[in-house]
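K.L.:
okay, here's the prediction I keep looking at, along with the sequence it came from:
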Amino acid sequence: MSFTQYQKETKKTALYPQETPLQYLSLGITGEAGEISEKIKKKERDGKLDEEDLAKEIGDVLWYLSQLATELDKDLGEIAEQNIEKLKDRKKRDKISGSGDNR
């Protein structure tokens, strides 16, 4: 499934406050990313990781990212392509390491 198709499908399950969609979605991303961190932390402590559970949490982050792109009227597939082009350019210029958006 392409990102563009995924975005269309996730829109069918979108149910959140329309008064503050960006805030709601960004908090959702943060919450789900926190759940990923918790699972990794427990793996460090206990030595085991349920990869299926982790994959589900990654899917939840993807859902929120998809809806955020939709709210901004952006195509998730195009965002992914632009990101890859940015990273290829940084690699070509030997700027993968470091920090900041304008490397």
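P.N.:
Received it, and whenever you're ready, just let me know what you need.
K.L.:
what's the longest helix belonging to the chain packed up against?
P.N.:
Identified as the longest helix of the chain according to DSSP state H is helix 21-46. When contacts are defined as 3 or more CB pairs under 8 Å, 6 or more residues apart in numbering; DSSP states H and E, helix 21-46 packs onto helix 51-71. For the C-beta atoms, the positions are set from N, CA and C on the backbone; glycine is no exception.
K.L.:
got the contact list for the helix it packs on?
P.N.:
3, 6-7, 10-11, 13-14, 16, 21-22, 25-26, 28-29, 32-33, 35-36, 39-40, 75-76, 79 (CB atoms under 8 Å, 6 or more residues apart in numbering).
K.L.:
if we go to 6 Å?
P.N.:
Residues from elsewhere that reach helix 51-71, judged by CB atoms under 6 Å, 6 or more residues apart in numbering: 7, 10-11, 14, 21, 25, 28-29, 32-33, 35-36, 39, 76, 79.
K.L.:
buried residues, it. List them.
P.N.:
57, 60-70 (16 or more other CB atoms under 10 Å).
K.L.:
which of the residues you listed sits closest to residue 85?
P.N.:
Nearest to residue 85 among the buried residues of helix 51-71: residue 69, at 16.8 Å, using CB to CB.
K.L.:
quick one, the longest helix of the chain and helix 51-71 angle?
P.N.:
Counting by axes from the mean of the first three to the mean of the last three CA atoms, to 10 degrees, helix 21-46 lies at 160 degrees to helix 51-71.
K.L.:
quick one: which two of the buried residues of helix 51-71 are the most distant?
P.N.:
57 and 70 (20.5 Å).
K.L.:
quick one: contacts for residue 7?
P.N.:
Counting by CB under 6 Å, 6+ apart, residue 7 makes contact with 66, 76.
K.L.:
check which helix or strand it maps to.
P.N.:
Assigned by DSSP states H and E, residue 7 belongs to helix 3-11.
K.L.:
swap in residue 17?
P.N.:
Judged by DSSP H and E, residue 17 forms part of no helix or strand.
K.L.:
quick one, what contacts it?
P.N.:
residue 24.
K.L.:
circling back: so which of the contacts of helix 51-71 is the closest to residue 93?
P.N.:
For those, the nearest to residue 93 is residue 79 (21.5 Å; CB to CB).
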